[in-house]
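Enquirer: Build the 3D model from these lines:
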Amino acid sequence: MKFLRLRSSETTVTEPVDEEVEVSSAVGTRAYTPAKGRPTPKRREAEGRRRGPVAPPPTTQREAYKRSRGTKADRRAESNTRRERMAAGDPRYLMPRDKGPVKAFVRNEVDSGRHLLGLLMPLALLMVVVMLSPASGMQLYITPAVMAVIVVMVLEGLFLSRRVVKKVREKFPDAPDRAASLGWYAAMRASQIRRLRVPKPIVKPGGGAIAPRTR
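Expert: So this is what the prediction gives:
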């Protein structure tokens with residue numbers, strides 16, 4: 001009987017110990033988190049892994065330039081957009097020589113009239129054709145006529161420059177632009193074919209405004 005009592009006492013003593021061990025092991029398992037062995041990755045690194053491998057760095061300066069400029073289609077679209085906005089007169093896309101209210105006023109003054117200077121490019125092309133022509137008689141008569149027209153164009157350019165500069169000084173008395181620069185700008189504008197002028201004319205010959213195009 002004593003042996004049985006000992007066994008019962010041992011079981012009663014040892015059973016709570018087993019429960020405590022189980023409870024303590026369970027609690028320890030819940031509270032303890034094993035170390036990862038590496039730092040937590042940053043957000044940029046995680047996104048890079050999701051997107052795929054990173055392209056190797058450029059080996060030459062030309063390759064780096066191409067990557068910075070983007071694809072060929074993107075460059076073409078950007079160039080077309082810049083050209084269209086420049087032709088439309090958007091101040092953000094104009095060249096430095098065309099920016100400012102003074103230059104816009106000069107363009108409108110030139111575009112509001114018809115000028116013999118607009119025939120300068122066609123006459124130059126005609127002169128090249130005549131010089132390359134084997135017919136000496138054509139050169140004998142056309143060359144002096146073309147030279148006379150060019151002289152008239154030069155005189156017209158001088159008068160146009162003086163007139164435009166005078167109007168600019170009246171409308172913009174504080175403009176820092178030099179008279180020679182304004183006169184040259186007006187003459188070069190008038191010597192271009194009207195359809196090829198950039199920015200495009202916004203006034204008709206005679207001073208009437210051109211209606212905007214509707215798409």
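
Enquirer: list the contacts for L123?
Expert: Residues near L123 by Cβ atoms under 8 Å, 6 or more residues apart in numbering: 146, 149-150. Backbone N, C-alpha and C define where each C-beta goes, glycine included.

Enquirer: Secondary structure element holding it?
Expert: Using DSSP states H and E, L123 sits within helix 120-132.

Enquirer: If you count neighbours, what's buried in that helix?
Expert: By 16 or more other Cβ atoms under 10 Å, the buried positions in helix 120-132 come out as 120, 123, 126-127, 130.

Enquirer: What's the first helix or strand after that helix?
Expert: Sequence order places helix 136-171 as the next helix or strand after helix 120-132, per DSSP H and E.

Enquirer: which helices and strands does that next one pack with?
Expert: helix 101-111, helix 120-132, helix 179-191 (3 or more Cβ pairs under 8 Å, 6 or more residues apart in numbering; DSSP states H and E).

Enquirer: ok so, going back, from the contacts of L123, which would you call buried?
Expert: For the contacts of L123, buried by 16+ other Cβ under 10 Å: none.

Enquirer: Just put the residues you listed in JSON lines and tack on pLDDT.
Expert: Listed next are the contacts of L123 as JSON lines, based on pLDDT from 0 to 100:
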{"residue": "V146", "pLDDT": "82"}
{"residue": "V149", "pLDDT": "88"}
{"residue": "I150", "pLDDT": "87"}
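
Enquirer: Tell me if I'm right that R162 and G183 touch.
Expert: Yes - R162 is within contact range of G183, at 7.0 Å (criterion: Cβ atoms under 8 Å).

Enquirer: ok, the two, which is more surrounded?
Expert: Set R162 next to G183 and count neighbours by other Cβ atoms under 10 Å: G183 wins out with 20 against 13.

Enquirer: The more buried one is in contact with K167, isn't it?
Expert: No - counting by Cβ under 8 Å, G183 stays clear of K167, with 11.7 Å between them.

Enquirer: For the protein, name the helix or strand with the lowest mean pLDDT.
Expert: Using mean pLDDT, DSSP states H and E, helix 2-31 stands out as the lowest-scoring helix or strand of the chain, at a mean of 45.

Enquirer: CA atoms only for the helix holding L123, dumped as PDB, please.
Expert: Provided in PDB are the C-alpha atoms of helix 120-132 (Å, rounded to 0.1, in the frame of the first residue of the first chain):
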ATOM      1  CA  LEU A 120      14.100  86.400-102.300                       C
ATOM      2  CA  MET A 121      14.200  82.700-102.000                       C
ATOM      3  CA  PRO A 122      12.500  81.900-105.300                       C
ATOM      4  CA  LEU A 123      14.700  84.400-107.000                       C
ATOM      5  CA  ALA A 124      17.800  82.800-105.500                       C
ATOM      6  CA  LEU A 125      16.700  79.400-106.800                       C
ATOM      7  CA  LEU A 126      16.000  80.900-110.200                       C
ATOM      8  CA  MET A 127      19.600  82.400-110.200                       C
ATOM      9  CA  VAL A 128      21.000  78.900-109.500                       C
ATOM     10  CA  VAL A 129      19.000  77.400-112.300                       C
ATOM     11  CA  VAL A 130      20.100  80.100-114.700                       C
ATOM     12  CA  MET A 131      23.700  79.800-113.800                       C
ATOM     13  CA  LEU A 132      23.600  76.000-114.400                       C
END
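
Enquirer: I'd like to know how many residues surround Y93.
Expert: With neighbours defined by other Cβ under 10 Å, the count for Y93 comes to 17.
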